[in-house]
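give me a model of this one.
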Amino acid sequence: MGHLPTRETGKEAWYLSPLRSETQASFKVNLKLNRWYDFGLGKGGNLIDLLIHYLHTDVSGVLHYLQNFKGIIYQPQVSVFQKPQKPSSSPFTITRIKSVTHPALLSYAQRRGISGTLLKAYAYEVHFKLKKRNQFALGFKNEKGGYELRSKYLKLSTSPKASSWVLHGKQQLIICEGWFDFLSLAAFQKDKIKQSDILILNSTALVEKVSPKLKDYQELLLYLDRDTAGNKALGFIESQHSNTKDCSSLYRDHNDLNEWWQRKFHLKN
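Next up is the predicted model:
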């Protein structure tokens with residue numbers, strides 16, 4: 001998934017956390033037990049536990065994801081977290097970043113209810129090599145210079161992991177969990193987007209890190225997923241900031257804003 005160890009010993013590998021932004025690796029994988037621990041979050045477990053946090057889903061969602069996984073596991077013959085042999089070059093390398101023009105990416109976004117115009121305003125077409133294999137995806141940049149990469153076939157992040165901001169100099173802040181939730185909102189409430197600053201978390205694990213920045217806003221409008229992780233993030237923000245409004249009733253019968261917008265978009269078209 002593009003996350004590589006920064007250092008290794010015979011028994012463990014250390015990574016920059018895939019669940020939050022950091023500059024010193026504090027995410028440890030025990031190569032013998034095949035278990036992980038994130039010292040910054042104080043959480044750990046097995047592969048299923050990791051993907052629950054990484055994908056913001058439950059066990060059922062993880063099993064569905066693994067069944068359809070088309071990424072490249074670093075050393076799949078023994079263990080996802082097996083100590084890798086030292087490669088001659090990095091298994092993940094960005095080779096090109098450009099405006100979104102590839103028909104496959106435009107088609108993927110269209111299926112999710114997002115127009116090419118919106119993509120060109122907020123996204124990039126990122127080409128990269130992963131284990132010597134050329135791939136491409138939609139890239140959404142975060143505040144630290146990393147990218148959230150999405151296509152029909154993959155979902156991954158580059159380091160450093162961080163949240164993303166779209167700033168218009170406003171006192172109202174819209175908070176979305178993912179980029180497609182934000183783009184969905186931009187598709188049907190363009191004026192509201194222009195009248196607000198936007199925060200895309202990219203992971204609910206980052207909510208505590210960005211919380212101090214929220215105090216500068218008069219009103220916080222939250223469009224988070226209607227699942228365990230989203231509800232937990234909502235509860236945390238409400239406990240820290242009194243000027244919050246939960247807007248998820250808009251898509252009460254759906255897991256997230258983009259899922260609701262896809263249905264509305266395709267029914268309309």
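
identify the residues contacting stretch 105-123?
99-100, 125, 136-140, 150-152, 166, 179-180, 182-184, 186-187, 258, 261-262, 264-266 (Cβ atoms under 8 Å, 6 or more residues apart in numbering). No exception for glycine: its C-beta is placed from N, CA and C like everyone else's.

so Pro5 sits right up against Tyr15, yeah?
Yes: shown here, Pro5 and Tyr15 form a contact pair, counting by Cβ atoms under 8 Å, at 5.4 Å.

for the stretch 151-269 of the chain, what spans make up the strands?
Here the stretch 151-269 of the chain has its strands, by DSSP state E, counting those that start in this stretch, at 155-157, 164-166, 172-176, 197-200, 219-223, 244-246.

got a ChimeraX select line for the buried ones in the contacts of stretch 105-123?
In ChimeraX syntax, the buried subset of the contacts of stretch 105-123 is picked out as below (16 or more other Cβ atoms under 10 Å):
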select :100,125,136,137,138,139,140,150,151,166,179,180,182,183,184,186,187,258,261,262,265
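
regarding this protein, what is its longest strand?
If you go by DSSP state E, the chain has its longest strand at strand 133-141.

and the next helix or strand past it?
Note on strand 133-141: by DSSP states H and E, the next helix or strand toward the C-terminus is strand 147-150.

which residues touch the nearest residue to Ala123 once chain neighbours are set aside?
Of all residues not flanking Ala123 in the chain, Leu138 sits nearest, at 5.0 Å (Cβ to Cβ, 6 or more residues apart in numbering). Leu138 is in contact with Val100, Leu105, Tyr108, Ala109, Leu119, Ala123, Tyr124, Glu125, Val126, Leu149, Arg150, Ser151, counting by Cβ under 8 Å, 6+ apart.

now do Leu138 against Tyr153, distance only.
Leu138 is 12 Å from Tyr153, where distance means Cβ to Cβ, to the nearest Å.

cool, and Asp191?
The gap separating Asp191 from Tyr153 is 35 Å, by Cβ to Cβ.

neighbour count for the two, which is higher?
In this view Asp191 and Tyr153 are compared by other Cβ atoms under 10 Å, and Tyr153 has more residues nearby, 13 against 7.

now the phi/psi pair for the more buried one, please.
Main-chain torsions, Tyr153, degrees, to the nearest 10: phi -110, psi -10.

and Arg150, what does it touch?
Tyr108, Ala137, Leu138, Phe140, Trp179, Phe180.

make it 6 Å
By Cβ atoms under 6 Å, 6 or more residues apart in numbering, Arg150 lies in contact with Ala137, Leu138.

what sits up against stretch 191-208?
Stretch 191-208 is contacted by residues 19-20, 56, 142, 148, 163-168, 170, 172-177, 179, 182, 186, 229, 233, 236 when judged by Cβ under 6 Å, 6+ apart.

render the CA-only coordinates of that stretch in CSV, please.
The C-alpha trace of stretch 191-208 is given here as CSV (Å, rounded to 0.1, in the frame of the first residue of the first chain):
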residue,chain,number,x,y,z
ASP,A,191,-22.1,28.3,-2.9
LYS,A,192,-21.7,26.8,0.6
ILE,A,193,-18.2,25.6,-0.3
LYS,A,194,-17.2,29.1,-1.4
GLN,A,195,-18.5,30.6,1.9
SER,A,196,-16.5,28.2,4.1
ASP,A,197,-13.0,26.9,4.8
ILE,A,198,-12.7,23.2,4.3
LEU,A,199,-10.9,20.5,6.3
ILE,A,200,-10.6,17.0,4.8
LEU,A,201,-9.4,14.7,7.6
ASN,A,202,-8.1,11.9,5.4
SER,A,203,-8.3,9.8,8.5
THR,A,204,-10.4,10.1,11.7
ALA,A,205,-7.1,9.1,13.6
LEU,A,206,-5.9,12.7,12.8
VAL,A,207,-8.8,14.4,14.5
GLU,A,208,-7.0,15.1,17.8
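
list the buried residues for that stretch?
Of the residues in stretch 191-208, 193, 196-207 count as buried by neighbour count, 16+ other Cβ under 10 Å.

take the strands of the stretch 151-269 of the chain and lay them out in a markdown table including distance to Thr95 and mean pLDDT.
Formatted as a markdown table, those follow (distance: least, Cβ to Cβ, whole Å; pLDDT from 0 to 100):
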| stretch | distance to Thr95 | mean pLDDT |
| --- | --- | --- |
| strand 155-157 | 15 | 87 |
| strand 164-166 | 22 | 95 |
| strand 172-176 | 29 | 97 |
| strand 197-200 | 25 | 97 |
| strand 219-223 | 34 | 98 |
| strand 244-246 | 42 | 97 |
